[in-house]
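S.K.: give the three-dimensional model of this entry:
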Amino acid sequence: MEVDTVKRIGIIGVGEIGRAIVAGLCDGGGGSPEVFLSPRGARTAAELSEHYESVRVCADNQEVVDRSEAVIIAVRRQDQHEALAGLRVDDDKVVVNVMAGIGNDDLRRTLATNAPLVRAIPLPSIRERRSVTVTWPSHPAVNCLFEHLGGVLPAADEAAFDVFSALTGTLTTHYAYLATLTSWAAGHGIASDDADRYLRSLFQGVGRALSDETRSLHRLAADHETPNGNNERIRTTWFDQANSEALSKALDSLLADLK
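M.R.: Next up is the predicted model:
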């Protein structure tokens, strides 16, 4: 499949990630590809088809496959057999597997196809075309798709892909960390809305600083600290060596399960 011929994209499983992919594809300006959605998640699929002219809902998953050149599988892990059993996927398609914890070997057995299978880790911010998506194995058509959606990072092998997948598992911990800070401030008499507003502003600034790729993460941390200052105090008394090792241990355990 030539990269510039991927004009018809199917999505089976229209949850949060499926919705984000559609928005990223169709809000980007220029000619949007045709997007074919499965009837699963009927309400979301209907909303997307009403909002975007190039999006339509198919009668069933087989129609999604038949109409598409690239098919994104985004169903929940526990729903894969119900959603995919019996599908016929011709070898000239390319299948993008975004199901967490489902390897390509398992998916190939379910689909019984020789079509190229590519794993990917798109994040919700893909809707704004700001999220780098890790893929494996590298495939030109899939790389082009995700490059348009914010960037692509092909993993060297499946072991590397699993490491990136484990890193993705830290995302909600960051939100919970911020929520804990909000609760702490509220416990000291700050209105919850004020604490929430301030923390969002504070860490949005951190996010913008991350766009400076001329400085390493260690360098950024050092540049935001002063010797014996407040930031250094919290880092060294709360996020100490034991805390860091506990995080590494949790990631090692997750990585073992992903493998």
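S.K.: wait, isn't residue 126 in contact with residue 22?
M.R.: No - taking contacts as C-beta atoms under 8 Å, residue 126 lies outside contact range of residue 22: 10.0 Å. Quick note: C-beta positions are derived from backbone N, CA and C, even for glycine.
S.K.: more neighbours: which of the two?
M.R.: Higher neighbour count among residue 126 and residue 22: residue 22, with 28 against 23, using other C-beta atoms under 10 Å.
S.K.: leaving out the residues flanking it, which one is nearest to the more buried one?
M.R.: Nearest residue to residue 22, sequence neighbours excluded (C-beta to C-beta, 6 or more residues apart in numbering): residue 48, at 5.1 Å.
S.K.: these two touch, right, the one you found and residue 41?
M.R.: No - the pair residue 48 and residue 41 fails to qualify as a contact (C-beta under 8 Å) at a distance of 9.4 Å.
S.K.: need the residues touching each of these two.
M.R.: Each of residue 14 lies in contact with both residue 48 and residue 41 under the rule C-beta atoms under 8 Å, 6 or more residues apart in numbering.
S.K.: before we move on, the earlier item: just the pLDDT for the residue nearest to residue 22.
M.R.: We have a pLDDT of 92 for residue 48.
S.K.: contact partners for it?
M.R.: 14, 19, 22, 35, 37, 55.
S.K.: I'd say the first one and residue 38 touch.
M.R.: Translated: residue 14. Yes - the pair residue 14 / residue 38 is scored as a contact, 6.4 Å apart, by C-beta under 8 Å.
S.K.: shared neighbours of these two, anything?
M.R.: residue 45.
S.K.: tell me how many other residues surround residue 64.
M.R.: 27.
S.K.: element containing it?
M.R.: helix 61-67 (DSSP states H and E).
S.K.: chain center to whichever helix or strand comes after that helix: distance?
M.R.: Later in the chain than helix 61-67, the nearest helix or strand by DSSP H and E is strand 70-73. Its chain's C-alpha centre and that of strand 70-73 lie 15 Å apart, by C-alpha atoms, centre = their mean, to the nearest Å.
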